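Peer 1: need coordinates for the below:
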Amino acid sequence: MRQGRSVFRCPICSRALRRRENALCCEAGHSFDIASQGYVHLLPSNRMRAKLPGDSKEMVAARRRFLDTGCYAPFQEAAARIAAQACAGRKRPVVLDAGCGEGYYTDAVRRALPPEAEALVCGFDISKLAVAAAAKRYPRLELSVASCFSIPAADAAADLLMAIFSPIVPGEFARVVRPGGALLLAVAGPRHLFGLKEVLYEHPYENETRDTAYPGFVLERRVPVRTTAVIRGQEAIHDLFAMTPYYWKTPADGAKRLGGLDSLFTELGFDLLLYRRTEESE
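Peer 2: As a prediction, this is how the structure comes out:
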């Protein structure tokens with residue numbers, strides 16, 4: 001957490017936060033300690049549904065290991081490119097990654113933006129463990145523990161809001177993105193992870209594709225990104241499985257079949273959706 005400007009606001013009273021030694025404080029006297037890794041916890045205890053909400057230590061580690069294989073690199077590169085295009089020509093743009101996880105996409109966007117733009121790239125996630133991992137690896141990001149359902153940022157604070165496989169909260173997103181700003185979403189393509197689903201289910205299905213309208217935004221473009229991958233080794237296969245929603249709703253026999261594989265071939269496909277915030281006040 002650096003000195004100077006911050007996109008984050010007090011989650012209790014919404015006032016601006018200022019750094020005082022090892023904490024962020026607002027004028028009303030609310031104070032939030034900065035962790036040794038550099039992030040700040042902005043999720044009040046009365047809004048936490050569990051002691052450690054979000055992904056567990058095991059899930060965070062599994063996702064980090066799998067992302068480090070490079071299988072999702074084409075999606076990371078495409079997201080960073082589109083984000084940089086959305087911010088082109090803006091001086092000191094603010095980028096906010098909602099549900100940033102371990103920062104895999106967040107830091108790629110930071111690196112894609114030109115240094116002269118002086119961008120402020122921030123992220124938050126409900127998982128303290130994921131945010132701690134992101135802060136440790138990517139110290140140049142501004143990171144906090146927070147929820148997509150109550151974003152600790154001022155109205156119209158972001159030039160670009162990203163939500164890569166995180167919950168979509170249209171009202172909060174419209175509040176936080178400035179008029180003329182952008183919203184970048186990632187959704188699964190029709191045959192994303194179809195090879196995995198063929199192992200897990202007797203009757204695998206394609207994902208539905210549709211253009212969803214969100215109040216305050218207009219869809220500017222849909223960018224499909226497609227590739228294939230051979231996942232080798234049971235650990236890598238399990239890591240991929242653990243970072244998908246199928247991990248929680250797969251019958252035991254399907255999980256058993258997957259556990260017997262030494263390699264897995266699957267299609268991979270994301271659609272990146274770029275929305276523009278309308279100029280009219282909502």
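Peer 1: from here on, just use CA atoms for contacts and neighbour counts.
Peer 2: OK.
Peer 1: what segments of the chain are strands?
Peer 2: Remark: strands of the chain, listed N- to C-terminal, are 18-20, 23-25, 31-33, 40-41, 94-98, 120-125, 142-145, 158-164, 177-188, 217-232, 263-277; assignment by DSSP state E.
Peer 1: against Ala98, how distant is Ala28?
Peer 2: Plainly put, Ala28 is 26 Å away from Ala98 if you go by Cα to Cα, to the nearest Å.
Peer 1: tell me which of the two has more neighbours.
Peer 2: Here Ala28 and Ala98 are set side by side on neighbour count (other Cα atoms under 10 Å), and the busier one is Ala98, at 28 against 13.
Peer 1: for this structure, longest helix please?
Peer 2: The helix spanning the most residues in the chain, taking DSSP state H as the definition, is helix 73-87.
Peer 1: model confidence over that helix, on average?
Peer 2: Model confidence over helix 73-87 averages 97 on the pLDDT scale.
Peer 1: now stretch 116-126
Peer 2: 95.
Peer 1: for it, buried residues please.
Peer 2: Residues Ala119, Leu120, Val121, Cys122, Gly123, Phe124, Asp125, Ile126 are the ones in stretch 116-126 that count as buried (16 or more other Cα atoms under 10 Å).
Peer 1: beta partners for the closest residue to the fifth one other than its chain neighbours?
Peer 2: For Gly123, ignoring the flanking residues on the chain, the nearest one in space by Cα to Cα, 6 or more residues apart in numbering is Asp97 at 4.4 Å. On the basis of DSSP bridges, Asp97 takes part in beta bridges with Gly123, Met162.
Peer 1: ok, the residue sitting nearest the centre point of the chain - contacts?
Peer 2: Within the chain, one residue has its C-alpha closest to the average C-alpha position: by Cα atoms, centre = their mean, that is Cys100, at 3.1 Å. With contacts defined as Cα atoms under 8 Å, 6 or more residues apart in numbering, the neighbours of Cys100 are Thr106, Gly123, Phe124, Asp125, Val131, Ala163, Ile164.
Peer 1: repeat that with 6 Å
Peer 2: Contact criterion Cα atoms under 6 Å, 6 or more residues apart in numbering gives Gly123, Phe124, Asp125 as the residues in contact with Cys100.
Peer 1: let's have the residues you listed in JSON lines, adding distance to Ala252.
Peer 2: Written out in JSON lines, the entries for the contacts of Cys100 read as follows (distance: Cα to Cα, whole Å):
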{"residue": "Gly123", "distance to Ala252": "36"}
{"residue": "Phe124", "distance to Ala252": "34"}
{"residue": "Asp125", "distance to Ala252": "30"}
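Peer 1: burial count for the residue nearest to Pro44 when sequence neighbours are not counted?
Peer 2: Sequence neighbours aside, Pro11 is the residue nearest to Pro44 in space, at 7.2 Å (criterion: Cα to Cα, 6+ apart). When counting by other Cα under 10 Å, one arrives at 21 neighbours for Pro11.
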